[in-house]
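Visitor: This is a predicted model, with the sequence first.
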Amino acid sequence: MANFDRRTLVRISRMALLLTLTVILLGAWTRLRDAGLGCPDWPTCYGHFTVPSTPESLARANDLFPGQEVVPDKAWPETIHRYFASGIGLVILIMASVMFWRRKEPEMPWRHGLFLLALVCLQGAFGALTVTEKLYPPVVTGHLLLGFSTLTGLFLLHLRLSRGFPRTGDWRMARFTRLAFFALMVVVLQIMLGGWTASNYAATVCTDLPICQPGWAQLLQWREAFSLTHVDDANYEFAPHLSAAAKVTIHVAHRMGAMLVVATLLLLALQLARHAQAIRYRLFAAAIVLALLVQVLLGVVNVHFQLPLWNAVAHNVWAAVLLQILVALIYALKKEKH
């Protein structure tokens, strides 16, 4: 443990951030490849820790899961996602252990490390439930939100370890902390709606902009669209439990959320640009506008080209980037208060 000084922890936290962002990317890739049930069991895949390929392993898979053919194109994305997710858990375990061991050092955020360890364990549990509950939408959406929460927790830990964003002296900017926090909540709500849209296979039901095709208002079914009803042993892949109208409702909710995000973030960026004396907050304003523009363009491309795989993955990952920009802004603004 003596070799793990604060600088080493900063480097490890940076590596953990990149690894977590990779896992978010792989999770989106797995979901968009319709590979969420590529392995019908957890933590193994057809009873193996890799995708069965030999005659012996395929025979064993058939014995364990009769009638379920091994499809490598679906099993491998799920398996790769699990490998990388396990890597995050291992890195966070190492960091939490080191910080707990060195907890008597000044400003060592060891409780933060233990919280992250608990969070990633909960995330693993939701990953298991995603498979065992056969893509039950609330579980899939929760899994997504916990992934974003893990990334956010790691980013905050990195800022604390690296002592990021020292005070600029522009103390008047602290008054925008509440607005920034509200913007953060709006973005989190939109991420949740995005997860709900994806987990209910509603991403391609609206093909027109800005809301949906003509007549969408007559199709809205809010109760069905956001029902949490669970049916034992049901398979929720491709959302057979939902009507077309309910899927339209979900998509419309996501579009309306996007409009709220655009309005809120533009207001925040305008306030930062107008009142900032320190260049840092003008840069934050520019970063918010740029990130927002990219995310909107990715969303438009998703609609126009009916969810091309890598664009849809980028839309998911960029939401995580936008979220971290707001987290960094709030962290910096709170520093100005003290």
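Guide: It's in. Residues are numbered from 1 along each chain as shown.

Visitor: ranges for the helices of the protein?
Guide: Secondary structure of the chain by DSSP state H: the helices cover 6-32, 55-64, 72-101, 110-132, 137-162, 177-199, 222-225, 244-275, 279-304, 309-337.

Visitor: Determine which stretch of those is the most buried.
Guide: Sort the helices of the chain by mean neighbour count, taking mean count of other C-beta atoms under 10 Å, and helix 137-162 sits at the top with a mean of 21. Every C-beta, even on glycine, is put in place using the N, C-alpha and C of the backbone.

Visitor: what helices or strands is that helix leaning on?
Guide: Secondary-structure packing of helix 137-162 (3 or more C-beta pairs under 8 Å, 6 or more residues apart in numbering; DSSP states H and E): helix 6-32, helix 72-101, helix 110-132, helix 177-199, helix 309-337.

Visitor: which intervals of the stretch 201-338 of the chain have sub-threshold pLDDT?
Guide: 338 (pLDDT under 70).

Visitor: same thing but 80
Guide: The stretch 201-338 of the chain contains residues with pLDDT under 80 at 233, 337-338.

Visitor: so which of the helices and strands packed on helix 137-162 gets nearest Asn235?
Guide: Asn235 lies closest to helix 110-132 among the helices and strands packed on helix 137-162, at 11.4 Å (C-beta to C-beta).

Visitor: Keeping just the C-alphas, turn the closest one into CSV.
Guide: Coordinates of each C-alpha in helix 110-132 appear next as CSV, following Å, rounded to 0.1, in the frame of the first residue of the first chain:
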residue,chain,number,x,y,z
TRP,A,110,-12.0,7.0,1.8
ARG,A,111,-15.7,7.1,2.5
HIS,A,112,-16.2,8.1,-1.1
GLY,A,113,-14.3,5.0,-2.2
LEU,A,114,-16.4,2.7,0.0
PHE,A,115,-19.6,4.3,-1.4
LEU,A,116,-18.3,3.7,-5.0
LEU,A,117,-17.6,0.1,-4.1
ALA,A,118,-21.1,-0.4,-2.8
LEU,A,119,-22.5,1.4,-5.9
VAL,A,120,-20.6,-0.8,-8.3
CYS,A,121,-21.8,-3.9,-6.4
LEU,A,122,-25.4,-2.7,-6.8
GLN,A,123,-24.7,-2.1,-10.5
GLY,A,124,-23.5,-5.7,-10.8
ALA,A,125,-26.7,-6.9,-9.2
PHE,A,126,-28.8,-4.9,-11.6
GLY,A,127,-26.7,-6.4,-14.5
ALA,A,128,-27.6,-9.9,-13.2
LEU,A,129,-31.3,-8.9,-12.9
THR,A,130,-31.3,-7.6,-16.4
VAL,A,131,-30.6,-11.1,-17.6
THR,A,132,-32.7,-13.1,-15.1
